[in-house]
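Asker: no sequence for this one, just the structure:
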């Protein structure tokens, strides 16, 4: 899980935004289950996170 989050961490975010992003992904129950069952490619992982962020109330 930690490695997946580090792979998709967006470099232009501020430290506060990075913390929000990290906590958001760390607490995502669906992402945890998907990563347990099968490894995702970097593109699949970024796609999932993009959709999840659009559905969230995060400002970035």
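Answerer: Received the coordinates, thanks. Since the model is a prediction, treat every value here as computed from it, not as a measurement.
Asker: The residue in the chain sticking out farthest from the centre and residue 28: what is the separation?
Answerer: Distance to the chain centre peaks in the chain at residue 37, reaching 16.7 Å (criterion: CA atoms, centre = their mean). Relative to residue 28, residue 37 is positioned 14 Å away (CB to CB, to the nearest Å). From N, CA and C alone the C-beta is placed, and that goes for glycine too.
Asker: and residue 58, which of the three is it?
Answerer: Secondary structure for residue 58, judged by DSSP: H, G, I helix; E, B strand; the rest coil, is coil.
Asker: Now the phi/psi pair for it, please.
Answerer: When quoted as degrees, to the nearest 10, the phi and psi of residue 58 stand at phi -70, psi 140.
Asker: ok, now which ones touch it?
Answerer: 17, 20-21, 24 (CB atoms under 8 Å, 6 or more residues apart in numbering).
Asker: now for those, which pair is the farthest apart?
Answerer: Distances among the contacts of residue 58 were taken as CB to CB; the most separated pair is 17 and 24, at 10.2 Å.
Asker: More neighbours: the two, which one.
Answerer: Neighbours per residue, other CB atoms under 10 Å: of residue 17 and residue 24, the larger number sits with residue 24, 17 against 14.
Asker: any weak-confidence spans in this protein?
Answerer: Regions of the chain meeting the criterion pLDDT under 70 are absent.
Asker: Tell me where it has helices.
Answerer: Here the chain has its helices, by DSSP state H, at 2-8, 15-26, 29-37, 42-55.
Asker: Which strands and helices lie in contact with the third one?
Answerer: Read that as helix 29-37. Applying 3 or more CB pairs under 8 Å, 6 or more residues apart in numbering; DSSP states H and E, we find helix 29-37 packed against helix 42-55.
Asker: Show me how far the helix it packs on is from its chain's centre.
Answerer: In terms of CA atoms, centre = their mean, to the nearest Å, the centre of helix 42-55 is found 7 Å from the chain centre.
Asker: What residues of it count as buried?
Answerer: 45, 48-49 (16 or more other CB atoms under 10 Å).
Asker: And these, which is closest to residue 13?
Answerer: Among the buried residues of helix 42-55, residue 49 lies closest to residue 13 (CB to CB), at 12.5 Å.
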